[in-house]
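Peer 1: sequence? don't have it. structure:
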């Protein structure tokens, strides 16, 4: 499928794009190259190729999720600028 300049000019008008003749010529060539490449891809036999979500066989590397002891409360609050009981104390930001 090839696009002619009139079709591109009409689509540019619908998209409210102002195109100079040089831009129209360049865009016409680029779009026709893209459509030509898609035509080549459509001619390929892919009946023996299974669908994939990624071209490389990658898997997420996840560590085993094992529960551990938490930090002790006194150690957690040791660097807090302000604390109130067993909690961090922060300034009120609601006006």
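Peer 2: Cool, got the structure. Predicted model, so just to flag it, every value in this text is computed and none were measured.

Peer 1: use CA for all of it now, contacts and neighbours both
Peer 2: OK.

Peer 1: where are the low-confidence patches of the chain?
Peer 2: Filtered on pLDDT under 70, the chain yields the residue ranges 1.

Peer 1: Which residue ranges of it form strands?
Peer 2: Ranges of strands in the chain, per DSSP state E, are 83-84, 87-88.

Peer 1: could these go into JSON lines alongside mean neighbour count and distance to residue 94?
Peer 2: Putting the strands of the chain into JSON lines (neighbours: other Cα atoms under 10 Å; distance: least, Cα to Cα, whole Å) gives the following:
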{"stretch": "strand 83-84", "mean neighbour count": "11", "distance to residue 94": "19"}
{"stretch": "strand 87-88", "mean neighbour count": "12", "distance to residue 94": "17"}
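
Peer 1: Those: which one's closest to residue 56?
Peer 2: Residue 56 lies closest to strand 87-88 among the strands of the chain, at 46.4 Å (Cα to Cα).

Peer 1: ok, back up a step: and of the strands of the chain, who's closest to residue 27?
Peer 2: Closest among the strands of the chain, using Cα to Cα: strand 87-88, at 60.2 Å.

Peer 1: partners of the closest one, with directions?
Peer 2: The strands that strand 87-88 pairs with in its sheet are strand 83-84 (antiparallel) (by DSSP bridges).

Peer 1: Out of the strands of the chain, which is closest to residue 2?
Peer 2: Nearest to residue 2, of all these, is strand 87-88, at 66.7 Å by Cα to Cα.

Peer 1: what does the closest one contact?
Peer 2: Contacts of strand 87-88 from elsewhere in the structure, counted by Cα atoms under 8 Å, 6 or more residues apart in numbering, are 77, 80, 82.

Peer 1: from these, which is closest to residue 70?
Peer 2: Closest approach to residue 70 among the contacts of strand 87-88 (Cα to Cα): residue 77, at 12.9 Å.

Peer 1: Would you tell me which helix is longest in this structure?
Peer 2: Longest helix of the chain, by residue count under DSSP state H: helix 21-42.

Peer 1: From the contact counts, what lies against it?
Peer 2: With contacts taken as 3 or more Cα pairs under 8 Å, 6 or more residues apart in numbering; DSSP states H and E, helix 21-42 sits against helix 5-14.
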